[in-house]
Every structure is written in structure tokens, then in C-alpha cells.
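Trainee: next one to model:
(chains A and B)
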Amino acid sequence: MAPPEGSKRRKPRKRSKKRTSQSGACASPSPGRIPGEPLQGGGPVSVPSEVEVPKPVPLVAGHQQPNTPEKGSPQSLSPKKRTPQRSALSARLVKTGQPQPGVCATGPQQPETPKGGTSNVVLTKKSPLNGPVSKLGSAKADSPKPKSPNTKFSSPPKLGLPPEASENVITLEADAPLELPPQQQQTKVGSSKNQQSHRKPNSPQPTPAQDCILPPITTSQLLTLETLSSFIPVVGVEKANSLSDVKEQSTSLTKGTSDANFITLKSEGDKGIIMSETNKLDNLCNLLENIVIQHSGKEAMSNNTIKLPVAQTSQTITGPPPVKVPPSTTDSPPTTTSQHKGEKTKEEIECERKGRKEAKKAKKKGGEKAKSENDKENYKNINVENKKKESQEEKVMSMATNTQQIQPGDQQGQLQQHTKLSVALEGTDQSDAAGKSKADLKRERREKQEAQRQAKLAAKAKQEAEKQQKGQEEAHPSNNKIRLPQKKKKLEGEGLRRLKDRKSFSKGPSDRRIPLLGHLTPYSSQPPLLPVNCDTIHPAVRTLGLKMKDRIVDGSTARVVSTLAALKQFIHDYRTPESCDLSRDLAEKLLPNVAFLNGCRPQAIAMDNAIRFLKHKINSIEPNMPEAQAKDELRTAIDEYVQDNINLGSSTIASHAAMLIQDGDVILTFGSALVIEVVEAACNVGRRVSVVVADTPYPPSGAAMVKILSALGVTTYYRLITDVTHIMHKVTKVVVEAEAVMMNGAVQGMCGTASLALAAVTHDTPFIVLYADRVVFCPSRDYCGLLVDWRQMQKLNVVSLVYDVTPACLVTALVTEQSVLPTSAVPVIIRRNYADILGQD
Amino acid sequence: MPWETTPCNMVQRVIKIVIDEYNTCRGASDGGGYQGFSQMMFVDPASGDLPECTDVIPELQDRILEAVAEHKAEVEQSQELIALQGESKIHSDEVIMTCGMCPMVLAFLTKAARRRKFHVIVAECAPKHDGHPMAKSLCSAGIQTTLIQDCAVFPMMSRVNKVIIGTQTVLSNGGIKTFVGAAPLASAAKFYSVPLYVCTPTYKFSLVSSEEVNHHGSGSTIVPQDSNLTSSVNVVVAKFDYVPPENVTSFITNNRGIAPSYVYRQLSELYHPTSYDL
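Mentor: As a prediction, this is how the structure comes out:
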């Protein structure tokens, strides 16, 4: 009996592996080994047992064969276990289960929310973006998330598990948020930091998760009640046991959380692709962490590196088991994992393991139904014992009997209260574990397969959007890394996830190339993949690049100054190799740094000019000049460049422009610091001016300017840029600031400058451009939640342009450091100022 | 709501119908069928001579009711009729720009999307952000949609083949009174020589002149929430934009395409001179 069944089962299992354990399956061959090695050497001291455990599991995952007998046996045994009650329950559940998909969908939402939560936690300190991000996560959770479970894993309701199991799954999901906190507390007690880190994310999660879950819970509760009644549990001790078990698990699984996260990540992200790419991922992870380390100032490398492999091993381990586990267990755990990516993974893992153990138990004990909890305990025990299955099973059996008896009583009481979801979870788990007949299993498998097929199709379409969302959410964590190196430990799991997401994200945009604007560089939340060689890019440059990418450093002038400062640092740390010329070698070494900056964010034109200047200086160094002197020269040249072109520029421009302003002028402008200076200068000269600030809603960069101006006593009007035509007849001059001026006189400015120019021209108003860039009040641009789910829509793109170009014919005058010029004079100025630079490329 | 012109339009239209019916009835009895037409052509608005409706025509009431019902049906069908022209106005692989939410434009584009493949760029239309639902419904109709912010209208305009917008009112000079953001859009289209079409049913043709466009709403909607602007700062939001007739290429109405310069003629057909000063 057993062998044929096992063979039959294998097929479905394999399928399930493909999806659920994809991460595990793919990972097992290559990464699984790799992680194992580091584990031995550097594995965290706290969890020696875990280290041992993971190894066997990946092996199983990879080969399947060793596991299959085990699973096959439970399956064969399972029919015995079933009691008529359960079958009846299962039938009911099946009926009820159909509606459940929706319920399940609600559950799955959670997985992403945890990300958002984590990101929020990390991000809260810095970026205002967190709010929107979290919103995104939650919002997504409501609608899009349901897709994720379906796509990645076969739809939860269809799970091979008896209907009960499906319910359990649901309840698990629902409960997970609630239960997690206790686990975490325990984990805190047992294991310290990692869990805490996870915990934080959890706290925000529960609310949305609960909302989604609540309706499902009621059904699950009913089911659990039925199951409980059938079981007639005696003792109430169970909870304590389970809790203690949980604690144990938590302690043993301190890594487990991160691992679980990782798994979920994999499953969510690119199922098939990720598997193959695990090696690459490892490399990338190492690189990332190295980067972080550099930034942070060398945190414990050993921990990070060690942990990463551990996480992978755990993943591999966790991943495969679901496949082999009886269908019910397999289905439920993945769904839960996907849902609860971050913290709930522990529970999920536990559930999976419980399922296994349950199956084993079922084999041994034909009649006992309520062993699921026991399985949990057993599983924990198993972990501790390094999976000595037989002995464990026996233990488990004994444990299970005790625990089972205890649990039902507790559960009933709790269920009555309806308050604690965790109870429902336990009950559901137990019920799930109990009975599956072969026929049921087969039917379940069929359902699964169908569901998987459908899910695959749906998943493909949805994955992209999800990935992009993830990418957005995760973009912030990257920032956090840079800023908050202390949290590296927490982020280990995230780091892996991040890498994966990055890949997925990189795919996403390429897939969704915006039709008309494919030539533009989209804002990517991830840093460029260039910096694979950590040696070639100076830490200062790397830091600056990431800052510019996130618009912490924004505005062309600020970017130029900081770029030159970073390059100055680079030159300062530069040592000429013995065999090389300083000028040549330095110029060569400069290239990747510049390329990195460009990759982080396309260079401002002013930056380009400055770098050309620097290259020119480097090239003009005499070959026989001593290194120290050459470097001194370069540094002084940089300082002079900043002083002459930037520091002196703005004040001269302000005074020039103030000369153009007459008494009683009404000035229309965009938010810009330079214009404020101009207005100030004009006021100092005794001109009475009023200012109309045209603003864009996202970002409202003009509001700050209005404040400053009104504080100066200037009459100020605040208008949206679309309203400009209504006040244009009052305006006597339009003054804006340019980001860059092109050779043909066209002006690159903040987006909206051109429409101001057009309005000015149609009203015959002078349009004056100030050309010396300054920092513009410009927070990072994101469509804050207005169209939250636009990435879900296949054919919808949201574009937020940063710059536009105003044709030269719309520009009346150009105010530069030198003088007030018509645009036709631009080529002359360029030739005069940059003649030495222009020659070279 | 002084800015709503459509009710006034309807009243004027009904007056016109009544007068026309009266004239036709009397003309039929007189045997001269051309009077209504000639009267319409040569009436002197200044004198506003209302024909002396002294005759008692028993079937007039029925005829008027019938005509009004006909007009009502025409109004109800207008959107459908406009949408039907979508195919002929939009060619394949074109890039269309629109702004804000207008059911008329939405119907127009969705109808055209059945036979044509094109790309729509939607400006979000800032204070109200009408463009967001518009973009959503467009892309749910299977149209490739890109949502941009308002200030990106100008840079994007160089890629656009046609601009199609809706309107609140068509003014007597051929200009339109419409949502805020249309004026920069139209001038950008003009700058790039991109044709701008206005989807409007004929009942939106109004005798209002362009001086009556400005209505201002509360400025509080545009002030960023986190900024504490002092009360000395003048913050105002316009309710409508005025797009001058020279920036409008053509009106797409339920009857046919109408050039802005022809609007006056359309008005004289739609409304009777006696009701001009209503």
C-alpha cells in the first residue's frame, strides 16, 4: 500500500515543491551547501542545534527520496486515523472552504504588510516616505495581496488539506498577527535581538491583518468548535505547553524568523528564477553587506556573513519540507508564510513541521485526532533533537496525547470568548492534522493542481506588479541600511529579500517600460548594480551616490558641491601604484566612480561640467610631479572651482537680477532659493515687490518659499501652477531658476518652468531665468498614495517628470554671474568659460 | 451656482422651440414655410422683436410637447452620438492627451479604443486630481494610459498627436469655460501646433461671454497640509479656466464638428434672439 501511494503523492508534492518550495528546491543544490559550510565555522553560538538541523533538511529537499518514505507512510497511515467525525467535519469544511478563498485572500495580505511594517520601523526615523509606504502596503494588502497567495502558491482553499486544514490555514493567518506577539515575547526572553527586530514590524501589522481576518475567524471558530467537541479534550494545560514549545522554538528559531522571512521572500519574489539565482544572490548579499559595512563603519562582518548563509540553509530546509509534507500541511504553511512573510514565518514553519509530525503520529496512532498540537511540540522537539524522527515520533506521540487533551479544553473556552484568535489557530491546526483520507487527499491534490495552473497564469501577470510594489517598499530599507548600520542583524533576512526584490524590481520596470518615455531613466529605489567591485568605488562616492539617488542631496548645486567633495576625498585617499603615472591611473580610477554616480542618478549637467573640469586638471598634471604635490594641486583646484563658480555665483546673480526688478513689480516664480535671494536683494535696494509663487501639489516645494517671503514682509500670493493664467495679467515679471542652460539657449528647469514661460509669453511678460543653481526645496517625489495601486494596473503608468526644457524662444533674459544676457549669447559664454574643458570628452 | 450655464441654455432652447413651433404652425396655415427661417436670419437682436403670438393654434401644445420630448431625447443621446465619432477622429497609434475627468471624453476614447489602438496621456488636474479616476477607467477600458502631473503637460506635449478635452460651457465667442488646467494645456498644444478638440454636446453652447468665466473657490484645498501659511498670504483657487477660441481647433458635438468661429452661427440656430439677454 504504502509505496504506490507514496509514488502517487510524489507527483503532487513535486508540483507543490515547484511553487511553494521553489526557493528551497532551487536553493538546496547549490546555496544549501554553501550555507552549510559557513554554518559550521561561524554559525551563531546560540543556536547550535539549529545549525545541525538545517543540514539534513536541505538534503531531503534536494533529493526528496529520503523524505518521501516518511511522508508516504504518514499518508498511508492517515486514513486509519480518520474518524467518521472528522470526515464529516471535513465535508462541512469543504463546503465552507469554498467561500474561504476570499478569506484566505484576506490572510495573504499580511505578508506584505509585514514588509511595510519592517520598512516603516526602519524608516521611521528618516523619511517622511514611510507613511505613504505603509499605506501602500496596507492598501495593497486589501486588494492586490489576495493575488499573491494564489499566484505563488496554489490557492489556499484548494489546499490538499482537508477542509479543516484550509480553515486552519485561514485561522493561522488571522491568528498569526495576534499570536505572534506572545511568541515574540517569549522569543525575546529566550533569544534576544533578532526577534525584537522582527517584533517591531509585527506590532503595526496586527491591525490590518486583524481586520481582514476577523470575518474568517468566526467560521474557523465554528469549525474548531466542532472539531473540539469531537475530540472532547480533557485538560487545559495544553496552552502552556504550546507556549513553552513556542518559546523553545523561538529560541531555537531565533534565526528561524529571519529564515522564514527569507523563505517567504523567495516564494513571493521570483519563484523559479530565484532558485537558480540563489548563488548570485549570495554574492550580492555579501556585496551589499560589505557596502553597508563600509558605510556603517565596519560592523561585525562575521555575524552578517554567517547569518546570511544560515538563513539560506534554513530556507532550503524549510522550503523542501512543505513539499514533502502531506498536501494539507504543505499548502497551508506556504500560504501562511507568504502572508506573514516576516514574523509569522516561525509559526508557519512550526505548522509545517507539525503537519509532518502529525502525519507520522497518525501512522503510529490510528485513532487519535487531536495530535496536531502534539505534532507542534514534537516538531520542536525534533528540531532540538536534530530530527531523530523515530525517537521524536514516539516522544511526540506521548507529548501529543497530553497536549491534545489539554488543548481542546482551553480552546473551547477561548473560542467562546471569540477574543483570541490564537486559540482558533491552534484548534484548526489540530483539526487539520487529524484526519485525511486517501480519497480526500487525492481530491485535494487535484484541486491543488488545477488551482496551481490557474494560479500560475494569474501569478505571472500579478507578480510584476507585486514585485514593483515590493521594490518601492524596499527601497527605503536600503536607505535605512546606509543610515542605520546598527540594525544589520535585523536586516539580514531583509537584505536577502531586498536583493531578490531588487532583481524582481529591475525586471519590473523593464517589463513596464513606459511607452513614450522609455529613454528616460526611471527613479529606481534600488542602488545601481554597478558596484560589484567594492575596491573601485570610494566609500565617499558610494555614500554620495545613494544620497543623491534618494534625493537627500538634491538640487544641481548641492550635487556639484558634494560630488566635488567626494572626489576630493577620493583623491586624498588615492595612492599611485608604483608602475603607473598618477595622471593616467587616477583618471582611470575616477571613471568607475563617476559611472557609479551616474548610475545612481543621471548626472546634473553642472556635475558633468565639474567632472570634466577635474579630469582636465588631472590630465594636465606633469608626469614627474611628486604625488603629494599633485594631489594638493588637485584639491586646491577643486576648492577654487567651488568658490568661484558656486559660492560667488549666487550673490552676483542676485544683485544682477535685482537690477532688473522695478518698484511695484509683481514677480511670478517657482519655489527656489535663488529667487528668494533676488527678492531680498530687490527689497534691500528699496523696491517694493510682491511675489506670486506657483506651486505644484507634488511636491509642494513653493510653500516653504511662501513662508520665507511672507516673513520678509513681501506680499505673497500662493497659486497652483495650473491657475497661473488667472493671475498672469497682474504679473509683470516671471523669474525662475534654471537647472542648466543648453548650448542653444534652451533652459532646463524644474518641471513646470516651461509652462510658466509659455504663460509669460502669451501675456507678453518678461521671462527671466537665473542661471546658477542652488538647492531647490524638493523632497523625494512619490505619488503619495493618491493612486496607490497603479502598479497593479497593467496598462497604467504614472510618470512624474523632474525637469523640463524651456525653448530659447520663450526666454527673455538670462541672468548669469557675468551679466544679463539673451539666450543667443549662451554659446559665447560657454565657449569663454569652458573652452579648456570642452576640448576633451 | 451662478457658473452653471446649462439650465439657462435649456430654458433658452425651449423658448426657441416654442417660437419655432408657433411660427411653423402659423406659417403652415399661411402657406409660407420660409418665414421661420427668414425671421431667424434677419431678426434684429437689438429690437428683440418677439413675433406677436396672437393666433390661437389648438394643436400647438401637442406639437411643442413633442418637440421638447424630441429635444430631451437628443440631449440624452448626445454622449452616445459623440462617442460614435471617436473612431473617425482618432487614428491608430496616436498619442492623445487629456486632462481631468470628463465622462464625455471617456466615452469618446473608450468607444474609439474598440477599433483603434492608441495611447492616452492624462494630466492629473491638480486641485481635484480628477485625472486619477480618469486614468483608472481608461486603463480598465484597455487603453494604454500614462498619468502625468500638470506641470509636465508642456514637456509631454511634444509627443502628443491630439488633445481631447471636455468642457463645462462653450462660450459665445467660441472659447470654452472648463476645468482648471485646460488653459496651460491649450496654450501648450497651441505652442506645439497640436490640435485640440473639445467634446461637447450642443446643449452646452451658451450665450455667456468670456468675461464671466472667473469664479474662485476656497484656497484651502491647495495649501499643503504641513505648511502653516500665514493669513497674509493670498491663496486662491480658480474654479474654471478660460480657453480662448484661437486655442481650440474644433468642437466635437453630437451633430457634427464645429469650428470655434462658427459657434455664433450655431448659437443663432439654437436660441432665439429674444432670449439672448435672459
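Trainee: enumerate the residues of the stretch 1-150 of chain B near chain A.
Mentor: Taking C-beta under 8 Å from any C-beta of the partner chain as the measure of proximity, the stretch 1-150 of chain B contacts chain A at B:95, B:119, B:121, B:124-127, B:129, B:132, B:135-136, B:138-140, B:142-150. (C-beta placed from N, C-alpha, C; glycine too.)
Trainee: just the buried ones among those, please.
Mentor: B:95, B:119, B:121, B:124-127, B:129, B:132, B:135-136, B:138-139, B:143-150 (16 or more other C-beta atoms under 10 Å in any protein chain shown).
Trainee: any stretches of the chain with poor pLDDT?
Mentor: No chain was given, so I picked chain A. Where chain A drops to pLDDT under 70, the residues are A:1-442, A:444, A:454-535, A:551, A:554-555, A:698-700, A:771-794, A:833-841.
Trainee: chain B was what I was after
Mentor: Checking chain B against pLDDT under 70 turns up B:1-3, B:27-55, B:211-229, B:278.
Trainee: can we see that at 80?
Mentor: B:1-4, B:23, B:25-58, B:126-128, B:209-232, B:273-278 (pLDDT under 80).
Trainee: ranges for the strands of it?
Mentor: Assigned by DSSP state E, the strands in chain B fall at B:95-99, B:119-123, B:144-148, B:162-166, B:169-170, B:176-179, B:196-199, B:216-217, B:234-235, B:237-238, B:240-243, B:250-252, B:257-258.
Trainee: for residue B:206, find the nearest of those.
Mentor: Closest approach to residue B:206 among these is made by strand B:169-170 (4.8 Å; C-beta to C-beta).
Trainee: who are the packing partners of the closest one?
Mentor: Packing partners of strand B:169-170 (3 or more C-beta pairs under 8 Å, 6 or more residues apart in numbering or on different chains; DSSP states H and E): strand B:176-179.
Trainee: pull the CA atoms of the strand it packs on into PDB?
Mentor: C-alpha atoms of strand B:176-179 as PDB (Å, rounded to 0.1, in the frame of the first residue of the first chain):
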ATOM      1  CA  ILE B 176     -14.600  77.400 -23.600                       C
ATOM      2  CA  LYS B 177     -15.000  77.700 -19.900                       C
ATOM      3  CA  THR B 178     -13.700  74.500 -18.500                       C
ATOM      4  CA  PHE B 179     -11.700  72.900 -15.700                       C
END
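Trainee: that strand pairs with which strands?
Mentor: Strand B:176-179 pairs in its sheet with strand B:169-170 (antiparallel), strand B:240-243 (antiparallel), by DSSP bridges.
Trainee: thinking again about what came up before, so can I have CSV of the strands of chain B showing distance to residue A:543?
Mentor: Shown next, in CSV, are the strands of chain B (distance: least, C-beta to C-beta, whole Å):
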stretch, distance to residue A:543
strand B:95-99, 41
strand B:119-123, 37
strand B:144-148, 32
strand B:162-166, 45
strand B:169-170, 56
strand B:176-179, 45
strand B:196-199, 48
strand B:216-217, 46
strand B:234-235, 40
strand B:237-238, 42
strand B:240-243, 46
strand B:250-252, 56
strand B:257-258, 60
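Trainee: which one of these lies closest to residue A:803?
Mentor: strand B:144-148 (13.4 Å).
Trainee: distance from that closest one to the middle of the chain?
Mentor: Offset of strand B:144-148 from its chain centre (C-alpha atoms, centre = their mean, to the nearest Å): 24 Å.
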